[in-house]
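Colleague: dropping a prediction and its sequence here:
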Amino acid sequence: MTKDSPALPPSAPFDVTDPGPRSLAELEARLARDLDLLTLPPVDWVPPRDGMLDVAIVGAGMAGLTAAFALRKVGISNIRLFDRAPAGREGPWGTFARMETLRSPKTLTGPALGFANLTFRAWFEAQFGRTAWDALFRIPRLQWLDYLTWYRRVTGAPVRNDTALTAISGDADGVTLDLDGPEGRQRVRARRVILANGRDGLGGPFVPAFWKAVDKRFWSHAHEPIDFDGLKGRTVAVLGAGAGAVDNAAEALERGAAKVYMLIRRAELPRINKSLGAGHPGIVLGFHTLSDERRWAYNQYIADTGVPAPHNSMLRCSRHPNFSLLTGCAVEAAEAEGDRLVLRTGRGTVTVDHVILATGFALDWQQRPELAEIARHTLLWRDRYVLPGHEAGEFAHHPYLGADFEFLERTPGEAPWLNRIHAFNYAAVLSHGKVTGDIPGISAGAERLADSITAALFTEDYDEHWQRLIGFETPELLGDEWTEAEDFQ
């Protein structure tokens, strides 16, 4: 506000005493009216092509659903989402995510795309009331999954579940998806493809080479099914310093493990979540415009400093007297001794029954054979820029994406279809920042992606749109609205 601007009124011009909808039915009616007032979604304007989707989306979790609704908002409805999980189990929330609550503040609007009546808060208050919302600390993990299931229904996302991508290829006209689902194997053609397949979208769990030589009966990765009930009365070691390590340690403690050690290589446990300092609109909307050097530096700094577990998650562990956390405690060797495993660490030796590797994910193309054609042709960050000293690091293997989240060819002309595929998953973080999977920036990322695809489809179909313009014959004037003068008078 400038010095010449009028002062704001002393009280808000809106009725903040409105209790809001008292049921999901009322909330959905309000959302429907919002869409009606805004004339959304608009009529589909893309010329149809026989046997061809306009957009195919691989993944129907939060990112895929948000991208789908963003596309429908701009009049692109010939889309389909494919997810390998059963309906209602998309994403990590009901599987390897083991936190009690989300780590994000409850007030973030997430995938709502600017619609107040599509927010988690609106969904929650419609069922439980404002008082319950005020008392809520953070969003329970499985309740977030329930919200996303509702979001899918009210936004009309056309999802085909239990359907896995087995291969992807393309040609000058589009992209071909090979899929395996309830109806068997099938082939789907699309003009554009969005990979909204999550944190492990271009890889999988990271398992250090050392552990691959250890008998698998002694260890599990945090991002795979774990028989926690089978750990009751046992001694467990959890390796890692992040939120995933804390969540898995807490799960083991709560299921009755006799002792849980959290072993951390770092000399100190990270305490400050630097990524919280990167959550403003400037970085959400402008990160992808930075130089390569600045984008890498931003991501590398956060990775090097480490992201700590949330306060409440750590308390979930430390309230148990049989929990121990040891820093500077890298595992140097592991040897089987009967039915137990002896770990030799930087702080001594400990014998455990099971180890949980909370070592996160790796961008590892070999774990994604269905993406072999992308891996073979795509431009990587190491081909354009690598921060000195990090030539062998994970970021070097990230795809170097274009301004529209699109894959780019390493060798121009070898795979001209590659830029028809958009990475709307974790692999985009180095090129675009956290707008493809994190709750704070997901709407901004989805809208930018939808705008880009809209422009691309219009440009490709320009000749047809030109002919539509030439052939448009709906008259505004019928000829009887005036009388022609005979001359000047």
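Modeller: Done, it's in. Predicted model only: the values in this text are computed from it and were never measured.
Colleague: after the helix or strand where A122 lies, which helix or strand is next?
Modeller: Taking DSSP states H and E as the criterion, A122 maps to helix 120-128. The helix or strand immediately downstream of helix 120-128 is helix 130-135, counting by DSSP H and E.
Colleague: what mean pLDDT does the helix holding A122 have?
Modeller: Taken as a whole, helix 120-128 has a mean pLDDT of 98.
Colleague: hmm, who's touching it?
Modeller: With contact meaning C-beta atoms under 8 Å, 6 or more residues apart in numbering, helix 120-128 is reached by 20-24, 26-27, 106-107, 109-110, 112, 116, 132-133, 136, 139, 143-144, 147, 150-151. (Glycine included, C-beta is placed from N, CA and C.)
Colleague: and M52, what pLDDT?
Modeller: pLDDT for M52: 98.
Colleague: my guess is it meets R189, correct?
Modeller: Yes. Counting by C-beta atoms under 8 Å, M52 touches R189, with 4.9 Å between them.
Colleague: joint contacts of those two?
Modeller: Common contact partners of M52 and R189 (C-beta under 8 Å, 6+ apart): G174.
Colleague: list the buried residues in the helix holding A122.
Modeller: For helix 120-128, the neighbour count (16 or more other C-beta atoms under 10 Å) marks 120-126 as buried.
Colleague: same question, stretch 165-177
Modeller: 165, 168, 170, 174-177.
Colleague: from these, which land in helices?
Modeller: Among the buried residues of stretch 165-177, no member falls in helices (DSSP state H).
Colleague: and the strands in the stretch 201-350 of the chain, which stretches?
Modeller: Assignment of strands within the stretch 201-350 of the chain using DSSP state E, counting those that start in this stretch yields the ranges 204-205, 219-221, 235-239, 259-263, 323-326, 331-337, 340-345, 348-352.
Colleague: now these as TSV including mean pLDDT, mean neighbour count and distance to D480?
Modeller: Listed next are the strands of the stretch 201-350 of the chain as TSV, based on pLDDT from 0 to 100; neighbours: other C-beta atoms under 10 Å; distance: least, C-beta to C-beta, whole Å:
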stretch	mean pLDDT	mean neighbour count	distance to D480
strand 204-205	94	19	70
strand 219-221	97	20	77
strand 235-239	98	26	82
strand 259-263	98	24	84
strand 323-326	97	17	86
strand 331-337	95	13	89
strand 340-345	97	17	92
strand 348-352	97	15	91
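Colleague: now do the same end-to-end measure for stretch 174-193.
Modeller: This stretch, stretch 174-193, spans 9 Å end to end (C-alpha to C-alpha, to the nearest Å).
Colleague: no wait, stretch 339-358
Modeller: End-to-end span of stretch 339-358 (C-alpha to C-alpha): 22 Å.
Colleague: now do stretch 83-99
Modeller: End-to-end distance for stretch 83-99, by C-alpha to C-alpha: 23 Å.
Colleague: just stretch 285-301 next, same as before
Modeller: With C-alpha to C-alpha as the measure, stretch 285-301 spans 20 Å from end to end.
Colleague: ok, of the buried residues of helix 120-128, which one's closest to L202?
Modeller: Set against L202, the nearest of those by C-beta to C-beta is F120 (28.1 Å).
Colleague: what is the nearest of the buried residues of stretch 165-177 to H422?
Modeller: V175 (10.4 Å).
Colleague: pretty sure that closest one sits against A167.
Modeller: No. With contact defined as C-beta under 8 Å, V175 does not count as touching A167 (11.0 Å).
Colleague: quick check, L148 in a helix?
Modeller: Yes. Assessed with DSSP: H, G, I helix; E, B strand; the rest coil, L148 lies in a helix.
Colleague: how much space between it and L231?
Modeller: L148 sits 30 Å away from L231, going by C-beta to C-beta, to the nearest Å.
Colleague: likewise T483?
Modeller: For T483, the distance to L231 - C-beta to C-beta - is 92 Å.
Colleague: between the two, which is the more surrounded one?
Modeller: A count of neighbours by other C-beta atoms under 10 Å puts L231 above the other of T483 and L231, at 22 against 6.
Colleague: wait, what's in contact with that one?
Modeller: 252, 255-257, 353-354.
Colleague: ok, the residues you listed vs H311, which is closest?
Modeller: For the contacts of L231, the nearest to H311 is A252 (20.1 Å; C-beta to C-beta).
Colleague: as JSON lines, the strands of the stretch 201-350 of the chain with distance to A415 would be great.
Modeller: Shown next, in JSON lines, are these (distance: least, C-beta to C-beta, whole Å):
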{"stretch": "strand 204-205", "distance to A415": "24"}
{"stretch": "strand 219-221", "distance to A415": "33"}
{"stretch": "strand 235-239", "distance to A415": "39"}
{"stretch": "strand 259-263", "distance to A415": "44"}
{"stretch": "strand 323-326", "distance to A415": "48"}
{"stretch": "strand 331-337", "distance to A415": "42"}
{"stretch": "strand 340-345", "distance to A415": "46"}
{"stretch": "strand 348-352", "distance to A415": "48"}
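Colleague: pLDDT weak spots in the stretch 1-150 of the chain?
Modeller: Applying pLDDT under 70 to the stretch 1-150 of the chain flags the ranges 1-16.
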